[in-house]
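Student: Sharing a sequence plus its predicted fold:
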Amino acid sequence: MIKRIFSKFTQRERFLFIGIVCIAVIFAVYLLVLDPLYRNWSELRLESETAKRKLLKNLKLLADKNELEKGYDKYKDYLQREADKEQDVASALKEIEDTAQRAGAKITSIKPKGEKLLKGYKTYNIELIAEGKIDQFLKFMYELEGSKKLFKIERLILSLKSSQSDLLKGTLLIIKVSFQN
């Protein structure tokens, strides 16, 4: 049957028919075989490049492991957290009292004033009234800001306790930073 239909064609029509069939076969091979293979190869190449970049990054981190651990050990005391809010505030108040005592300043009043929840950490406000000489206040503030408990003196108001005395009365607003779990 195909021979009969094909025999009715002229020489030119046969070449044209064969050319169209060849083009259709080539197009079908491209769509069904070559294009999927190329896409798959491209995806695999991209995945291998990504994996190679990750591997190089991880090898670099592994090579720097000792340095990173030393850096972590240096700052891990700052990251220690208490189990709950009450323990965190209590340990902060104890640290402030101990620091004041070491500096020779006398605390007359200390009150927690609330907390603020920020992204990744909390801050506790502590209001403090203390008495002492100027050198005692300076030592107290220096040690407090250098503490491993991450204190910051937000506000300081100093005044003479009396006109005949060299004692100062200071009101401080102290911020304590605590990292969240």
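Tutor: Good, I have the coordinates.
Student: now the residue nearest the centre of the chain: how far from residue 179?
Tutor: Nearest to the mean C-alpha position of the chain, by Cα atoms, centre = their mean, lies residue 120 at 8.5 Å. Distance of residue 120 to residue 179, given as Cβ to Cβ, to the nearest Å: 7 Å. Every C-beta, even on glycine, is put in place using the N, C-alpha and C of the backbone.
Student: what about the strands in the protein?
Tutor: Secondary structure of the chain, counting by DSSP state E: strands at 106-118, 121-132, 151-160, 168-179.
Student: Which other helices and strands does the last one contact?
Tutor: Read it as strand 168-179. Packed against strand 168-179 by the contact rule (3 or more Cβ pairs under 8 Å, 6 or more residues apart in numbering; DSSP states H and E) you find helix 85-103, strand 121-132, helix 134-145, strand 151-160.
Student: So for it, what gets flagged as buried?
Tutor: Within strand 168-179, the residues scored as buried using 16 or more other Cβ atoms under 10 Å are 168, 169, 170, 172, 174, 175, 176, 178.
Student: That one - what's its average pLDDT?
Tutor: Computed over strand 168-179, the mean pLDDT rounds to 88.
Student: Just give me the neighbour total for residue 128.
Tutor: Using other Cβ atoms under 10 Å, residue 128 has 23 other residues around it.
Student: So what's the gap between the helix ranked longest in the chain and the chain middle?
Tutor: Taking DSSP state H as the criterion, the chain has its longest helix at helix 35-63. Distance of helix 35-63 from its chain centroid, counting by Cα atoms, centre = their mean, to the nearest Å, is 26 Å.
Student: Tell me how many other residues crowd the residue lying closest to residue 177 once chain neighbours are set aside.
Tutor: Once flanking residues are discounted, residue 177 sits nearest to residue 150: 4.1 Å by Cβ to Cβ, 6 or more residues apart in numbering. Number of residues near residue 150 (other Cβ under 10 Å) recorded here: 17.
Student: The one 4 residues further on too?
Tutor: Residue 154: 12 surrounding residues under other Cβ under 10 Å.
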